[in-house]
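Peer 1: I would like to see how this sequence folds:
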Amino acid sequence: MSEPTGKYSITMPRDIAEAARSRSGPSGLSAYVAAAVARQIERDNLSELIQVAEAEHGPITDDEIQALRDQLHQTRRGPANGGAAA
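Peer 2: This is a model prediction of the structure:
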């Protein structure tokens, strides 16, 4: 079952609205905008979690970020290519 919907009026720059409309495809502009807003909310929530974690544990270093990226890439390669088993 899908979530209930409401009708809202928003204002945005015309060029952005037209670009969104041209990319919205068969699902339509409303679905495209709703998906974009949902992604932004996810990013905002993640940013808040990062702020809380950094306040408690200190900021993550560039070396720690690179180590995690390396680990992710190794895992994605899989065991046949030197990565971890999935």
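Peer 1: packing partners of the longest helix belonging to the chain?
Peer 2: Scanning the chain for the longest helix, with DSSP state H as the assignment, gives helix 28-57. Secondary-structure packing of helix 28-57 (3 or more Cβ pairs under 8 Å, 6 or more residues apart in numbering; DSSP states H and E): helix 14-23. Glycine gets a C-beta too; all of them are placed from N, C-alpha and C.
Peer 1: so which residues make contact with the helix it packs on?
Peer 2: Leu29, Tyr32, Val33, Ala36 (Cβ atoms under 8 Å, 6 or more residues apart in numbering).
Peer 1: pretty sure the second one sits against Ser24.
Peer 2: Yes. Taking contacts as Cβ atoms under 8 Å, Tyr32 lies within contact range of Ser24: 3.8 Å.
Peer 1: any idea how far Ile10 is from the residue lying closest to Ala31 once chain neighbours are set aside?
Peer 2: Excluding its sequence neighbours, the residue lying closest to Ala31 (Cβ to Cβ, 6 or more residues apart in numbering) is Ser24, at 7.0 Å. Relative to Ile10, Ser24 is positioned 15 Å away (criterion: Cβ to Cβ, to the nearest Å).
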